[in-house]
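*Asks:* structure for this input, please:
(2 chains)
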Amino acid sequence: MRKALAAAVLVLLALAGPAAAPAWDVTAGFLAGPRTASDETVNRIYGSGTVYSPFLAVGLWRGFRVGASYEGGYSRTGVIGLYDEATTLKVSGVEVFAGYWLKLDLVALYLRGGWGNYSYFQTVQSPMARNYPVDARGQTVVAAAGVNVYLLERLYLCGEIKYVPLKVKPYENEVDLSGWRYLVGIGYTVRF
Amino acid sequence: MFARTEAGPLRRPLGTAVLLGVAAIAVMLPARDERPLRRDSIPEQAMAGPVPPANVDHRGRLLTPAERASATVLDAVPAYLWRHGSAPAAVGMVLGYYDRTGFPDLLPGDAATQTDAVNEALASREHYADYSLPLDKPPTLLRDKSELPASQRHANNCLADDLFTSWSLYGNYYGYTWKADISYAIPIYVQAVSPYKGICVPYQSASVGWHVIQNEILSGRPLIFMVDSDGDAAADLFVTVAGVDTIDGVNYYGCYDTWDQELHWHPYQTPVAGQPWGVQTVFTVVIIHVVLPPLDLQLATLSNDYLFYSESINRLTWSANPANKTEIIHTKIYRKQTQEPNTAFRLVAELDADARRFDDRGLRRGQSHTYRVTSVDIDGRESAPAVVGN
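*Replies:* Next comes the predicted model:
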């Protein structure tokens, strides 16, 4: 995944050429949309959900940006185990990323990748759960691709597809919390 | 009337007294052929032969129709004749009564009459050949096959075998039976031929008030008396008591004395020289349904997956035992770690009777356990356990 991400960045860099760009800019926005649960068991118990993701990025040079974002909102309930006991699962995280934005008139395509620190928290209404608290963090890489459509010079709509591969093992079972995010939102760029 | 103490265990409700009084006897039965040797502290023998001695008047009081109408009689008690001893017949009549009133299998076939099959159950041809023969009578005791090593004797196959009737090994002439063997033989015979439990408790008649005798008959439980038929103040005959009556202030017991098939009425009194038919020993007899454990007990080890961790569960399943005749109200689950001694079993659950599954949760992986599952009936009696382990 990391090699693929690096290769994609290099390809975009080559395509970009010596494009004229402001010295630097700051963009911020807010994305929201559904996320999937890749693991069949997680999907069966908790299902897909929705997430929201505010972000802030700084454009440094020729469409390259670095930034940070937060992802929250995935909080699902279900029943689990032989006795269909009530359970909840919450996943949230922060990311730092770097990416390249290819500006094409009113549209900008971008690829970005980064590192995410995700927390996960599970509750089960079972006496057993007292002995196994699940409230931990896991780190992973993050990859996303998206498009910005500029409505005004600084204001744009944004669509993004992001994949977060996240496998954790707080106890004896490894759990795959990975999933796709299909996000749309709005952003605003200030150029300096 | 003879003075009798009103104190003693039979002042309690009889069922309770019987159950409490003989628990040890009932649960610790020796094997049918491995009876302990003589208990010389209770030396009384029934010695009477197949016909009344010339000096015995066994007719008793002849009841008028009005007196008979006021008597309480257990009509289902069959009248059996002396069968190589009074004890096999007297005990057999009690068992025949229970056989006819909800406890089949105690005697073969129809217990209402003394059929050949019933006779075989009372005292088999093998019993007669091995222990009655050679026929003997005091003062010369002839040795019979009871004195062979146990491995060379025939396996007990009738009441008379279990009663050691006529066994020369124990000093019995033909037809003789020791009193002490009545209460030993009944549980053993019942266990050998049926799924029930037989309980017999002997009491010295001096400690048994008339109200107790009445209560037993009114409760549908015939008794066995050891009586002094000839009035020499020594008991010599076992009879089956099937009725009670009080006439002009005198308490009468109605008994089948094995010499004919009539019910004879005699005053209830302790043995006194010159007054025949005094009662030396009262044997209460109860046949009860045994509480049986659940069937098809199985153990499966399951993993309860909580996504990030899982729980090991031992799942017990069973089915109700249809042979239970009393109402089962609880199922009890006991557990120990397999390597622990049996004293380590601890009650982990008491479930309603309709439960058919129990999950023992939160167990450590890798540990093996053994479970005992019992049924408890409405009288609080607990079955023997069904056992399963992993």
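*Asks:* mind listing what's buried in stretch B:215-234?
*Replies:* B:215-217, B:221-231 (16 or more other C-beta atoms under 10 Å in any protein chain shown). Using the backbone N, CA and C atoms, a C-beta is placed for each residue, glycine as well.
*Asks:* which residue lies farthest from the center of chain A?
*Replies:* A:Pro127 (34.2 Å; C-alpha atoms, centre = their mean).
*Asks:* quick one, phi/psi of that one?
*Replies:* With angles defined as degrees, to the nearest 10, A:Pro127 sits at phi -60, psi -30.
*Asks:* which element is the residue nearest to B:Leu62 when sequence neighbours are not counted on?
*Replies:* Closest residue in space to B:Leu62, ignoring its immediate chain neighbours: B:Trp265 at 7.8 Å, by C-beta to C-beta, 6 or more residues apart in numbering or on different chains. For B:Trp265, the host element (DSSP states H and E) is strand B:264-267.
*Asks:* just after that strand, pick out the following helix or strand.
*Replies:* strand B:278-289.
*Asks:* average pLDDT across the helix or strand that comes right after that following strand?
*Replies:* Per DSSP H and E, strand B:278-289 leads on to strand B:295-305 as the next helix or strand towards the C-terminus. Strand B:295-305 comes out with an average pLDDT of 93.
*Asks:* could you do stretch B:309-326 as well?
*Replies:* On average, stretch B:309-326 scores 92.
*Asks:* buried sites along that stretch?
*Replies:* B:309-318, B:320-321, B:324.
*Asks:* do the same with stretch B:148-168
*Replies:* So stretch B:148-168, judged by 16+ other C-beta under 10 Å, has buried residues B:153, B:156-168.
*Asks:* and what of stretch B:293-300?
*Replies:* Of the residues in stretch B:293-300, those buried (16+ other C-beta under 10 Å) are B:Pro293, B:Pro294, B:Leu297, B:Leu299.
*Asks:* can you pull the pLDDT of residue 167?
*Replies:* Just going to use chain A. What the model reports for A:Lys167 is a pLDDT of 94.
*Asks:* that's the wrong chain, I meant chain B
*Replies:* 95.
*Asks:* within range of chain A, give me the residues from chain B.
*Replies:* Within chain B, the residues that sit near chain A (C-beta under 8 Å from any C-beta of the partner chain) are B:302, B:304-311, B:313, B:359, B:361-362.
*Asks:* which one of the buried residues of stretch B:215-234 is nearest to chain A?
*Replies:* Nearest to chain A among the buried residues of stretch B:215-234 is B:Arg221, at 49.5 Å by C-beta to the nearest C-beta.
*Asks:* assumed that closest one was part of a strand.
*Replies:* No. B:Arg221: not assigned to a strand; according to DSSP: H, G, I helix; E, B strand; the rest coil it is coil.
*Asks:* out of the buried residues of stretch B:309-326, who's nearest chain A?
*Replies:* B:Tyr309 (4.0 Å).
*Asks:* the closest one is in contact with A:Tyr171, isn't it?
*Replies:* Yes. Counting by C-beta atoms under 8 Å, a contact exists between B:Tyr309 and A:Tyr171, whose distance comes to 4.0 Å.
*Asks:* give me the common contacts of the two.
*Replies:* Counting by C-beta atoms under 8 Å, 6 or more residues apart in numbering or on different chains, the contacts common to B:Tyr309 and A:Tyr171 are A:Tyr132, A:Val134.
*Asks:* ok, which stretches of the chain are helices?
*Replies:* In the absence of a named chain, chain A is used. Remark: helices assigned in chain A by DSSP state H are A:2-16, A:40-45.
*Asks:* actually it's chain B I care about, not the one you picked
*Replies:* B:14-21, B:23-27, B:65-70, B:86-100, B:116-122, B:125-127, B:159-163, B:180-193, B:210-218.
*Asks:* any regions of the chain where pLDDT drops low?
*Replies:* Looking at chain A here, since you left the chain open. Chain A contains residues with pLDDT under 70 at A:1-22.
*Asks:* that's the other chain; I wanted chain B
*Replies:* B:1-43.
*Asks:* would you map out the domains in it?
*Replies:* B:9-289, B:295-389 (automatic domain parsing).
*Asks:* between those, which one is closest to A:Asp176.
*Replies:* Closest of the domains of chain B to A:Asp176 is domain B:295-389, at 10.2 Å (criterion: C-beta to C-beta).
*Asks:* I'd say A:Val79 and A:Thr88 touch.
*Replies:* No. Look at A:Val79 against A:Thr88 with C-beta under 8 Å: they stay out of range, at 10.8 Å.
*Asks:* gap between A:Thr87 and chain B?
*Replies:* 8 Å (C-beta to the nearest C-beta, to the nearest Å).
*Asks:* please work out how many residues are found near the closest residue to chain B within chain A.
*Replies:* When distances are taken as C-beta to the nearest C-beta, chain A reaches nearest to chain B at A:Tyr171, 4.0 Å away. By other C-beta atoms under 10 Å in any protein chain shown, 17 other residues sit near A:Tyr171.
*Asks:* tell me the contacts of it?
*Replies:* Counting by C-beta under 8 Å, 6+ apart, A:Tyr171 has contacts A:Tyr132, A:Val134, B:Phe308, B:Tyr309.
*Asks:* contacts for the strand holding B:Trp265, please.
*Replies:* By C-beta under 8 Å, 6+ apart, strand B:264-267 touches B:58-63, B:71, B:227, B:243, B:245, B:250-257, B:276-277.
*Asks:* just give the closest residue to residue 93, not the sequence neighbours.
*Replies:* Because you didn't say which chain, this covers chain A. A:Tyr118 (3.3 Å).
*Asks:* please refer instead to chain B.
*Replies:* B:Thr240 (4.0 Å).
*Asks:* a markdown table for the contacts of A:Tyr171, including distance to B:Thr284?
*Replies:* Output for these, formatted as a markdown table (distance: C-beta to C-beta, whole Å):
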| residue | distance to B:Thr284 |
| --- | --- |
| A:Tyr132 | 60 |
| A:Val134 | 65 |
| B:Phe308 | 65 |
| B:Tyr309 | 60 |
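*Asks:* max pairwise distance over the residues you listed: which two?
*Replies:* Farthest pair in the contacts of A:Tyr171 (C-beta to C-beta) is A:Val134 and B:Tyr309. Separation: 7.8 Å.
*Asks:* quick check: neighbours shared by the two?
*Replies:* Shared contacts of A:Val134 and B:Tyr309, defined by C-beta under 8 Å, 6+ apart, are found at A:Pro170, A:Tyr171.
*Asks:* could I get the helices of chain B as a markdown table with distance to A:Tyr156?
*Replies:* Shown next, in a markdown table, are the helices of chain B (distance: least, C-beta to C-beta, whole Å):
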| stretch | distance to A:Tyr156 |
| --- | --- |
| helix B:14-21 | 90 |
| helix B:23-27 | 89 |
| helix B:65-70 | 112 |
| helix B:86-100 | 97 |
| helix B:116-122 | 103 |
| helix B:125-127 | 109 |
| helix B:159-163 | 103 |
| helix B:180-193 | 93 |
| helix B:210-218 | 100 |
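*Asks:* so which of those gets nearest B:Val285?
*Replies:* Closest approach to B:Val285 among the helices of chain B is made by helix B:86-100 (5.0 Å; C-beta to C-beta).
*Asks:* and that closest one, how far from the chain's centre?
*Replies:* Mean C-alpha position of helix B:86-100 versus that of the full chain (C-alpha atoms, centre = their mean, to the nearest Å) differs by 11 Å.
*Asks:* which elements pack onto that helix?
*Replies:* helix B:116-122, helix B:159-163, strand B:177-178, helix B:180-193, strand B:223-228, strand B:237-247, strand B:278-289 (3 or more C-beta pairs under 8 Å, 6 or more residues apart in numbering or on different chains; DSSP states H and E).
*Asks:* relative to helix B:210-218, how tilted is the fifth one?
*Replies:* Going back to what we said before, that points to strand B:223-228. Interaxial angle, strand B:223-228 versus helix B:210-218 (axes from the mean of the first three to the mean of the last three C-alpha atoms, to 10 degrees): 130 degrees.
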